[in-house]
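Asker: sequence and predicted structure are below.
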Amino acid sequence: MAEIDYYFTLVSPFSYLGHRAFLDLAEAKGATVRYRPVMLGKVFENSGAVPLAQRPKPRQDYRFLELQRWRARRGVPLNLKPKHFPTNPALADKSVVALVEAGSDPGAYAESVFRACWAEERDIADRGVLAEKLAAAGHDSEAVLRAAESEAAQRIYEANTAEAIRINAIGSPTYVLNGEVFWGQDRLDLLADALESSRAPFRVPD
């Protein structure tokens with residue numbers, strides 16, 4: 001069975017746009033998803049990317065075009081300028097860590113948190129918002145949030161980030177299959193091709 005490492009943060013619009021399509025692809029191909037939330041700022045520092053506010057205007061403007069194109073392609077609601085963006089995603093990301101550590105599938109919950117930020121005008125840094133989303137997804141919200149606030153969850157969050165840096169992840173989302181990096185939800189077709197063909201992974205030449 002194929003295993004795909006999924007590096008992301010719950011405040012990323014492009015991770016949101018690709019989330020359901022990615023999970024559907026993994027399910028269709030019988031692949032296991034390993035959820036690895038990361039501190040995107042540190043990944044950016046390694047990959048040479050910069051936070052949105054620091055990007056030149058042409059890049060900021062083009063991002064809005066891409067968001068609209070992919071919103072239409074994926075058929076998901078998305079506010080181009082949500083009320084609570086940017087916001088601190090750390091607790092939200094670590095709640096996914098806590099679910100994974102508890103042996104729970106965080107996929108539906110993560111999708112609901114993405115939507116909270118990008119479609120519902122809610123602040124995913126708000127513990128109450130996360131508690132509501134956890135309960136709605138069938139989880140024990142207080143237990144999960146306590147675990148998310150623990151030092152153990154922070155260590156895993158940092159380890160995920162370190163691993164993303166080691167494999168040269170560019171941003172969020174990054175998918176890794178057999179050591180091959182696929183950056184961006186617009187690379188899902190290429191990921192599908194790799195899964196279907198069972199080809200050997202492509203490598204960076206020495």
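Answerer: Received the coordinates, thanks.

Asker: and the helices in this protein?
Answerer: With DSSP state H, the ranges of helices along the chain come out as 13-28, 40-47, 57-74, 90-101, 107-118, 127-136, 141-148, 151-166, 188-197.

Asker: buried stuff in stretch 120-130?
Answerer: Neighbour-count burial for stretch 120-130, with 16 or more other C-beta atoms under 10 Å as criterion, is recorded at 120, 122, 123, 124, 125, 129, 130. (C-beta placed from N, C-alpha, C; glycine too.)

Asker: also stretch 173-186?
Answerer: Neighbour counts over stretch 173-186 (16+ other C-beta under 10 Å) mark 173, 174, 175, 176, 177, 180, 181, 182, 183, 184, 185 as buried.

Asker: I'd like to know how far the third one sits from residue 104.
Answerer: Distance, residue 175 to residue 104, by C-beta to C-beta, to the nearest Å: 21 Å.

Asker: and for the second one?
Answerer: As defined by C-beta to C-beta, residue 174 lies at a distance of 23 Å from residue 104.

Asker: wait, what's in contact with residue 185?
Answerer: Going by C-beta atoms under 8 Å, 6 or more residues apart in numbering, residue 185 touches 14, 15, 17, 18, 19, 21, 22, 70, 173.

Asker: of the residues you listed - the most surrounded one?
Answerer: Counting neighbours by other C-beta atoms under 10 Å, residue 18 comes out on top of the contacts of residue 185 with 27 neighbours.

Asker: next one: the closest residue to that residue other than its chain neighbours, what pLDDT does it get?
Answerer: Residue nearest to residue 18 in three dimensions, not counting chain neighbours: residue 185, with 2.4 Å by C-beta to C-beta, 6 or more residues apart in numbering. With respect to pLDDT, residue 185 scores 98.

Asker: just residue 1 next, same as before
Answerer: At residue 1, the model reports a pLDDT of 90.

Asker: tell me the average confidence for stretch 29-43?
Answerer: On average, the pLDDT along stretch 29-43 is 98.

Asker: neighbours of residue 107, just the number please.
Answerer: Residue 107, neighbours per other C-beta under 10 Å, totals 20.
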